[in-house]
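A.B. asks: build me a structure from this.
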Amino acid sequence: MSLLLGDIVAALGGSLEGNPQVPIERLAPLEVAGPQELSFLSNPRYRQQLAASQAACVIVAPALRELALQRGACIVADDPYVYFARVTQLWKQRYGTPVPVGIHPSAVVDAAAVVHPTASIGPLCVVERGAVIGAGTVLKSRVTVSEGCHIGARCILHPGVVIGADGFGFAPQGGQWLKIEQLGAVRIGDDVEIGANTCIDRGALQDTVIEDGVKLDNQVQIGHNVRVGRHTAMAGCAGVAGSTHIGAHCTIGGAAMVLGHLTLADGVNVSTATVVSHSINRAGHYTGFFPMDDNAHWEKNAATLKQLHRLRERIKALERGLDAA
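C.D. replies: Residues are numbered from 1 along each chain as shown. Purely as a prediction, here's the structure:
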């Protein structure tokens with residue numbers, strides 16, 4: 001199982017500096033790649049690893065071509081990370097196990113659901129009444145698509161995904177909670193990928209919407225009536241509360257939380273573990289967490305933070321006194 005360097009460049013482009021007949025048997029990280037393996041360098045900070053690498057060939061940007069040639073063969077590409085991603089796709093096309101088209105015998109698909117003939121419904125999946133599964137979409141094992149939900153074309157839903165469970169809606173009544181029936185559904189666009197055990201709740205009145213090209217990692221929670229703009233990506237354990245609208249081309253870091261009824265503009269990048277408590281109207285990188293420290297220092301700093309409001313009022317009083325003088 002191998003690909004010749006020349007075959008890779010013929011298929012994907014780029015400029016090969018080296019012998020096109022060298023066979024590549026595996027793709028590997030730069031620091032551990034061996035003489036039959038292909039790797040890449042996208043961050044110039046790791047150029048020392050490049051010099052020491054034993055890889056048969058390394059994918060690099062034009063600015064690192066000369067440095068790469070000092071150690072051996074290289075493929076020069078404008079964006080090495082994107083090129084490496086395309087190599088992984090080429091490798092899977094050649095040697096990966098084909099996804100079986102059709103419905104696995106153990107899956108349960110309602111007679112009133114619509115599944116495109118080119119879709120793949122994996123073991124123990126459930127597709128309920130009125131659900132629609134688009135062309136080329138893959139539901140891996142134990143995926144549930146609830147009634148009336150719509151999945152677009154060429155989507156990938158990993159094991160344990162739940163689409164269209166009830167949103168968290170309850171009205172307080174006499175010390176108890178009265179359920180608000182969730183009458184909307186979930187609409188997912190084309191080319192969306194959803195990681196294992198992620199849940200997307202159905203809307204209360206209108207649909208929850210995930211637009212084209214969105215990528216969600218494992219264990220992400222999307223509340224009811226959320227709208228996620230095209231090509232936005234969220235890392236593992238992120239959570240979005242109900243009725244929030246997230247723009248296009250945003251990134252939400254791992255374990256970040258976005259509170260409900262907010263709006264995030266296009267191009268907003270939220271750091272890991274950040275809690276977004278108000279709308280963000282401009283593109284940019286936003287961070288909001290207290291830096292980790294050893295516990296004793298953290299407790300002292302936390303105690304100081306509690307006094308900031310009182311200190312601010314004292315400073316204002318002093319400033320007023322100075323102005324009066």
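
A.B. asks: hang on, P123 packs against P159?
C.D. replies: No - using CB atoms under 8 Å, P123 is not in contact with P159, being 9.3 Å away. Backbone N, C-alpha and C define where each C-beta goes, glycine included.

A.B. asks: need the overlap of contacts for the two.
C.D. replies: S141, R142 (CB atoms under 8 Å, 6 or more residues apart in numbering).

A.B. asks: between those two, point out the one with more neighbours.
C.D. replies: P159 (17 against 14; other CB atoms under 10 Å).

A.B. asks: which residues touch the closest residue to A248 other than its chain neighbours?
C.D. replies: The shortest distance from A248 to any non-neighbouring residue, by CB to CB, 6 or more residues apart in numbering, is to G229 (3.6 Å). Going by CB under 8 Å, 6+ apart, G229 touches E211, V214, H245, I246, G247, A248, H249, C250, D266.

A.B. asks: tell me how far the closest residue to L5 other than its chain neighbours lies from A296.
C.D. replies: Spatial nearest neighbour of L5, chain neighbours left out: V22 (4.8 Å); criterion: CB to CB, 6+ apart. Distance of V22 to A296, computed by CB to CB, to the nearest Å: 56 Å.

A.B. asks: so which of those two has more stuff around it?
C.D. replies: Between V22 and A296, counted using other CB under 10 Å, the more crowded position is V22 (19 against 8).

A.B. asks: can you verify my assumption that that one contacts G72?
C.D. replies: No - checked against CB under 8 Å, the pair V22 and G72 is beyond contact range at 9.7 Å.

A.B. asks: what's the overlap in contacts for these two?
C.D. replies: A56, C57.

A.B. asks: just the ones of the contacts of G229 in strands?
C.D. replies: Per DSSP state E, strands hold the following members of these: H245, I246.

A.B. asks: who wins for neighbours among the contacts of G229?
C.D. replies: Highest count within the contacts of G229 by other CB under 10 Å belongs to I246, 27 neighbours.

A.B. asks: residues in contact with that residue?
C.D. replies: V226, R227, V228, G229, T232, V240, I252, V258, L264, V268.

A.B. asks: could you pull up the mean pLDDT of stretch 8-22?
C.D. replies: Computed over stretch 8-22, the mean pLDDT rounds to 97.

A.B. asks: just the CA trace of it, in PDB.
C.D. replies: This file holds the C-alpha atoms of stretch 8-22, laid out as PDB (Å, rounded to 0.1, in the frame of the first residue of the first chain):
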ATOM      1  CA  ILE A   8       0.700  12.500  -5.700                       C
ATOM      2  CA  VAL A   9       2.000  15.600  -7.500                       C
ATOM      3  CA  ALA A  10       0.300  14.600 -10.700                       C
ATOM      4  CA  ALA A  11      -3.000  14.300  -8.900                       C
ATOM      5  CA  LEU A  12      -2.800  17.300  -6.600                       C
ATOM      6  CA  GLY A  13      -0.300  19.800  -8.200                       C
ATOM      7  CA  GLY A  14       2.500  21.400  -6.300                       C
ATOM      8  CA  SER A  15       6.200  21.400  -7.200                       C
ATOM      9  CA  LEU A  16       8.200  18.200  -6.400                       C
ATOM     10  CA  GLU A  17      11.900  18.700  -5.600                       C
ATOM     11  CA  GLY A  18      13.100  15.100  -5.600                       C
ATOM     12  CA  ASN A  19      12.700  11.700  -7.200                       C
ATOM     13  CA  PRO A  20       9.100  11.100  -8.400                       C
ATOM     14  CA  GLN A  21       9.600   7.300  -8.100                       C
ATOM     15  CA  VAL A  22      10.000   7.300  -4.300                       C
END
